[in-house]
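Curious how this folds, go ahead:
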Amino acid sequence: MSSDLDQLRLLSVFHYVVAGLTAIFSLFAAPHLVLGVLLATGRLEGQEEGVEFFGWFFALLAGVFILWGWTFAACLVASGRFLQARRRYLFCLVTAAVSCTFVPLGTILGVFTIVVLMRDSVKQLFGHEQLE
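Numbering: from 1, shown residues only. Next up is the predicted model:
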């Protein structure tokens, strides 16, 4: 049981680290957002007419990418807190499954989290909240 608690604590810390990296990585779209807004508002020097639509499209895609990254980072932080407190088993499991799509760090974190959460001894640590 002590090793399970240690592994949950370590997974919690790794969730915070990957959340920070995800939040930073999602900001790589910020220059695209700025360029899209500049195109959409016509503030670029030498800009041709009729490119405003492409500017809004560019800005929208960049904004969605940033928002999506920050939302996922927030879910990782929440999952890290829940792992540490041994609450919200299903939320932690779903977040681990989704993080597997973020190659390579998210995949490593997700697989290890799923492996740890599938143990019967860890399920007992979460108690009756397994279905929440």
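
switch to C-alpha atoms for all contacts and neighbour counts from now on
Noted.

Which secondary structure state is assigned to Glu45?
Under DSSP: H, G, I helix; E, B strand; the rest coil, the three-state class of Glu45 is coil.

And for it, the neighbour number?
Glu45 is flanked by 8 other residues according to other CA atoms under 10 Å.

What about it? Give its phi and psi, please.
Here is the backbone geometry of Glu45 (degrees, to the nearest 10): phi -70, psi 130.

With Phe102 instead?
Dihedral angles for Phe102 - degrees, to the nearest 10 - are phi -100, psi 90.

which stretches of the protein have low pLDDT?
1, 128-132 (pLDDT under 70).

The helix of greatest length in it: what's the following helix or strand?
Looking only at the chain and at elements set by DSSP state H, the helix with the highest residue count is helix 52-85. The helix or strand immediately downstream of helix 52-85 is helix 89-99, counting by DSSP states H and E.
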